[in-house]
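K.L.:
model the following, please.
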Amino acid sequence: MAKDLKKEVPARVQAKRSWAEGRHTANHVLQQGQASFNWARKMGYLVRNPFDFVDPYDVEPAERCLDDVEIAAVGKALREAEAFAAVSSPLSRHSPSLTALAALRVAIYTGMPASRGAPLGTT
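P.N.:
Residues are numbered from 1 along each chain as shown. Next comes the predicted model:
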């Protein structure tokens, strides 16, 4: 089954986002390379970061909406987390806060993109 997923998932991504042509992945690799070489430079292993001279691709962020099955799964997970939080001690490190769960529910159901954060006060 794992072998099937290794072939199936990239094919699905390419079918749904063929317009990206790997630019998102290239930008992600560029960020990781910059971070790695910046660390090496700070530690004194390098004089300069070769990734500093590479420009990232201009890409449009992909928008994705949850379908009905995914929304139902999110609702179920939130209800389970809220039930767990309601019976847990407020001092527990392993229990989510009811406020955070309510904010997450608002963010999900209003369709607020994660990058904007305004309704949650995290601008």
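K.L.:
please, where are all the helices along the chain?
P.N.:
Counting by DSSP state H, the chain has helices at residues 2-16, 23-42, 68-87, 98-110.
K.L.:
and the angle for the last one with helix 68-87?
P.N.:
Translated: helix 98-110. Interaxial angle, helix 98-110 versus helix 68-87 (axes from the mean of the first three to the mean of the last three Cα atoms, to 10 degrees): 170 degrees.
K.L.:
average model confidence for helix 98-110?
P.N.:
Per-residue pLDDT over helix 98-110 has a mean of 83.
K.L.:
do the same with stretch 25-42
P.N.:
If you average the pLDDT over stretch 25-42, you get 91.
K.L.:
quick one: residues in contact with it.
P.N.:
L46, V47, R48, N49, P50, F51, D52, V54, P56, Y57, V59 (Cβ atoms under 8 Å, 6 or more residues apart in numbering). No exception for glycine: its C-beta is placed from N, CA and C like everyone else's.
K.L.:
one more time with 7 Å
P.N.:
L46, R48, N49, P50, F51, V54, P56, Y57, V59 (Cβ atoms under 7 Å, 6 or more residues apart in numbering).
K.L.:
ok now do the third one, which residues does it touch?
P.N.:
So the one you mean is N49. Applying Cβ under 7 Å, 6+ apart, the residues near N49 are Q34, F37, N38, R41.
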